[in-house]
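1. Have a look; sequence and predicted model below, questions after that.
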Amino acid sequence: MRNSTLQTTKMTNYRWVICAMLFFATTVNYMDRQVLSLTWKDFIAPEFHWTDSDYGTITGAFSLFYAIFCLFAGKFIDWMGTKRGYIIAIFVWSTGACLHALCGWVTMNIEGIASIEALRQVEAGSQVALAVASVSVWLFLACRMILALGEAGNFPAAIKVTAEYFPKKDRAFATSIFNAGASVGALLAPATIPLLARACGWEMSFIIIGALGYIWLFLWIFIYDKPQKQKHVNAAELTYINQDAETDGDPKDANDEGPQISFLKCFTFKQTWAFIVGKFMTDGVWWFFLFWAPAYFSDQYGYTSDSTMGILLIFTLYAIVTIISIGGGYLPTFFVEKKGMNPYAGRMRAMLIFACFPIVALIAQPMGAYSAWWPAIIIGLVGAGHQAWSANLFSTIGDMFPKSTIATITGIGAMAGGIGSLLINKGAGVLFTYSEGQGEAFRFMGFDGKPAGYMIIFCICAVAYLIGWSIMKALVPKYKPIVVE
């Protein structure tokens, strides 16, 4: 009788409302993260006399902070719960984002400089310029640390919420939708942030974008609750959500998230290390393009971030990422439903396909000789491959681990991704400063000077995914969920 009643009751779809909230949180997350990349070259650097190496230090340090905090953020989310944990995370990162606006004022007061104009007129290379650069870098590092502390909680919380509200076969698709917020955030950022910086000053761009998080926080308080407690989720939808736990037609207690796994014990599983490798090898590629693409088009082609052409190039890049990447989350569902594969096997096949996308990065720099549009399109394809890869990579956690540990494993993997990003971003900053200084004496694959430096990084990005996939496949060749005695 119960089953027939459920079958005739129209299923609610509140899980997609929750997915939309995760999408908006991730969009805000990436807009906050990208304000600096879109303002440093053309607005902040002239005031503070930064070099590429200075910016590389800031982006690299952010990656390091993010990596460290991610290690503990997942455990914090598992302990605090997704509702309160998410609220705390977005409050902290929104506050950190807004605090960037004070860095200029504090620098001027410390160095005794009366105005922005006087700050800009400081002689380049002088002791005053070096002092200004040093003080401002340290201040931005402090703000980036607060931003990283809060942002470290986003993906552990979002992946845990996805596991709460979606069955395994739908998780990659749901993850690809909310993860597209990273692309949409990066898409909206170049269309808004440089214009805000030009019209209101770079400080207001940090404040306005940062304040969006407070709005999301207010909505989350009223919208989210566990599926079994959510009044907008009916019995039919709850049964659908818990279909992986069905026994004899009845879902298990929805409150049962599985056995707890200690933090240290997580590192004894090959499944954990497979996820760590996948994140370490590939996250840095995404973060490199996120942090350096605006500077690349400014350096190589003279299109500043607030110019019409600069905005169009970055907008086009992330439009390609957004459109293509969402479909990537559906591919494993196709393999599961049409090909009869288990979710993990379907995911790994999809990830191998997406691991081939970044190979096109090898021709980005050569094709740039014809038009700046070619690197924009090619980098967009690389980014689309990454986002589709990332959606499936995140979903492997739910395939293997109990819900009680999903945020913890996500945090551990995010830590590895942050370390990978630290290496590539700081390394890129040092490489670009060095190659620019060497000029024609620095050559690589037909390019010299800074273009040769970019070509080296593009080559690294091109092969990172295939190497990562191969190691993951060697560690966990077949579907093998964690069983805790």
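-> Arrived safely, thanks for sending.

2. Centre-most residue in the protein?
-> Ala182 (5.9 Å; CA atoms, centre = their mean).

3. In contact with it, which residues are there?
-> Thr26, Thr27, Asn29, Tyr30, Trp286, Gln387 (CB atoms under 8 Å, 6 or more residues apart in numbering). Every C-beta, even on glycine, is put in place using the N, C-alpha and C of the backbone.

4. what would these look like in JSON lines with pLDDT and distance to Asp54?
-> Formatted as JSON lines, those follow (pLDDT from 0 to 100; distance: CB to CB, whole Å):
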{"residue": "Thr26", "pLDDT": "91", "distance to Asp54": "28"}
{"residue": "Thr27", "pLDDT": "92", "distance to Asp54": "28"}
{"residue": "Asn29", "pLDDT": "89", "distance to Asp54": "24"}
{"residue": "Tyr30", "pLDDT": "83", "distance to Asp54": "23"}
{"residue": "Trp286", "pLDDT": "90", "distance to Asp54": "22"}
{"residue": "Gln387", "pLDDT": "86", "distance to Asp54": "29"}
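
5. Quick check: the two most widely separated of those?
-> The distance between the two most remote of the contacts of Ala182 (CB to CB) is 15.3 Å, for Thr27 and Trp286.

6. if you count what's nearby, which of the two comes out ahead?
-> Trp286 (26 against 23; other CB atoms under 10 Å).

7. Which element, helix or strand, includes the more buried one?
-> Following DSSP states H and E, one finds Trp286 within helix 270-301.

8. can you give me how far the helix or strand just after that helix is from the chain middle?
-> Once helix 270-301 ends, the next helix or strand along the chain (criterion: DSSP H and E) is helix 308-328. Centre-to-centre, helix 308-328 and its host chain are 15 Å apart (CA atoms, centre = their mean, to the nearest Å).

9. buried sites along helix 308-328?
-> Going by neighbour count (16 or more other CB atoms under 10 Å), the buried part of helix 308-328 is 310-322, 324-326, 328.

10. now for it, which elements pack on it?
-> Secondary-structure packing of helix 308-328 (3 or more CB pairs under 8 Å, 6 or more residues apart in numbering; DSSP states H and E): helix 168-200, helix 270-301, helix 373-400.

11. Make a markdown table out of those and add distance to Phe442.
-> Output for the helices and strands packed on helix 308-328, formatted as a markdown table (distance: least, CB to CB, whole Å):
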| stretch | distance to Phe442 |
| --- | --- |
| helix 168-200 | 30 |
| helix 270-301 | 15 |
| helix 373-400 | 20 |
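
12. what ranges do the strands span in the protein?
-> 246-247, 250-251, 443-444, 447-448 (DSSP state E).

13. Next, Cys356: phi, psi?
-> When quoted as degrees, to the nearest 10, the phi and psi of Cys356 stand at phi -80, psi -20.

14. residues in contact with it?
-> Cys356 neighbours (CB under 8 Å, 6+ apart): Gly385, Tyr465, Leu466.

15. if we can go back for a sec, give me the buried positions along the helix holding Trp286.
-> 271-299, 301.

16. if I pick the nearest residue to Phe263 once chain neighbours are set aside, what's in contact with it?
-> The shortest distance from Phe263 to any non-neighbouring residue, by CB to CB, 6 or more residues apart in numbering, is to Lys75 (5.8 Å). By CB under 8 Å, 6+ apart, Lys75 lies in contact with Phe263, Ala407, Thr408, Gly411.

17. Weed out the non-buried ones from these.
-> Ala407, Thr408, Gly411.

18. one step back: of the contacts of Cys356, which is the nearest to Pro46?
-> For these, the nearest to Pro46 is Gly385 (35.0 Å; CB to CB).

19. That closest one and Ile87: what is the separation?
-> As judged by CB to CB, to the nearest Å, Gly385 and Ile87 stand 33 Å apart.

20. who has more neighbours, the two?
-> Gly385 (28 against 20).

21. List the contacts of stretch 87-95.
-> 25, 28-29, 32, 73, 77, 80, 146-154, 157, 210-214, 216-217, 220-221.
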